[in-house]
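In: using only what follows, build the 3D model:
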Amino acid sequence: MAQYGFYFDMTACGGCKTCQIACNDRNDLKPGVLFRKVKGFEGGKFPMPWIYYLSISCNHCQEPKCVEGCPTQAMHKLDNGIVAHDKEKCIGCRYCTWSCPYGHPQFIEETGRVNKCDFCKDLVEAGENPACVDACTMRAIHWGDLEELRAQYGAEAVSDLPVLPNSSKTTPSVLIKPKSVALLKDFMLKED
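Out: As a prediction, this is how the structure comes out:
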């Protein structure tokens with residue numbers, strides 16, 4: 001069984017949030033609801049301050065806690081590893097939002113249900129890229145079969161960073177090429 005995933009090159013990201021905006025447009029999201037988030041982290045002291053950005057969406061985990069926590073099976077895994085959501089089965093209980101250590105499923109007030117990144121599965125099925133991948137001006141986001149991404153980028157990529165939950169909890173399908181400062185534990189979240 002294939003397992004799709006994302007590769008994110010943190011060394012190329014300038015924090016422009018174009019990927020986040022493209023995702024919002026593609027999913028017609030209201031302000032405050034984000035399926036892809038770009039967060040900035042900063043630290044250090046003069047004369048050596050540092051900053052890095054992390055663009056992350058649903059990790060389409062191999063052991064998704066949101067699927068385990070969903071009583072109606074609205075959250076489910078597809079054969080290609082995508083963690084999908086069936087809005088018709090969703091009862092808005094929010095168990096998935098509480099179960100996900102990454103906080104990616106979002107409760108949508110207007111509908112009374114949850115929704116999340118679906119990897120732009122309709123685009124992927126049509127042979128196209130997810131919206132966030134095409135929107136990235138620095139080409140910092142890639143997608144594909146996780147084993148192929150690992151073969152191509154694995155030597156320089158990690159799934160664990162001090163700012164993320166431990167990957168052993170869900171086995172996320174994301175590989176990140178970190179800046180060296182992203183491996184430090186002394187940081188501040190930079191709110192934009």
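In: for stretch 89-96, how far is the first residue from the last?
Out: One end of stretch 89-96 sits 13 Å from the other (CA to CA, to the nearest Å).
In: output the longest helix belonging to this structure.
Out: As far as residue count goes, and with DSSP state H defining each element, the longest helix of the chain is helix 18-27.
In: what's the average pLDDT for it?
Out: Taken as a whole, helix 18-27 has a mean pLDDT of 98.
In: can you tell me what sits against it?
Out: 29, 33-38, 55, 57, 115, 117, 120, 131-137, 141 (CB atoms under 8 Å, 6 or more residues apart in numbering). Quick note: C-beta positions are derived from backbone N, CA and C, even for glycine.
In: just list the residues touching His142, thanks.
Out: Taking CB under 8 Å, 6+ apart, one finds Phe6, Tyr7, Asp9, Val133, Leu149, Tyr153 in contact with His142.
In: how about these, which pair is most distant?
Out: Within the contacts of His142, two members stand farthest from each other by CB to CB: Val133 and Tyr153, at 14.3 Å.
In: show me where the chain has helices.
Out: If DSSP H is used as the criterion, the helices of the chain fall at 18-27, 65-69, 95-99, 121-125, 131-135, 146-153.
In: for Lys177, which of those helices is the nearest?
Out: Proximity to Lys177 (CB to CB) singles out helix 146-153 among the helices of the chain, at 6.5 Å.
In: other SSEs contacting the closest one?
Out: Here helix 146-153 is seen to pack against strand 4-9, strand 141-145, strand 174-177 when contacts are counted using 3 or more CB pairs under 8 Å, 6 or more residues apart in numbering; DSSP states H and E.
In: what's the angle from that helix to strand 4-9?
Out: Put simply, helix 146-153 runs at 20 degrees to strand 4-9, going by axes from the mean of the first three to the mean of the last three CA atoms, to 10 degrees.
In: report the buried residues of helix 146-153.
Out: Neighbour counts over helix 146-153 (16 or more other CB atoms under 10 Å) mark Leu146, Leu149, Arg150, Tyr153 as buried.
In: so who does the first one touch?
Out: To tie it back to what came earlier, the one meant is Leu146. Applying CB under 8 Å, 6+ apart to Leu146 gives the contacts Gln3, Tyr4, Gly5, Gly81, Ser173, Leu175.
In: find me the pLDDT at the third one, would you?
Out: Okay, so that is Gly5. Predicted confidence (pLDDT) for Gly5: 97.
In: now the residue nearest to it when sequence neighbours are not counted: how far from Gln62?
Out: The spatially closest residue to Gly5, leaving aside those adjacent along the chain, is Ser173, at 3.2 Å (CB to CB, 6 or more residues apart in numbering). For Ser173, the distance to Gln62 (CB to CB, to the nearest Å) stands at 6 Å.
In: so for the two, which sits in the more crowded spot?
Out: Ser173 (25 against 16; other CB atoms under 10 Å).
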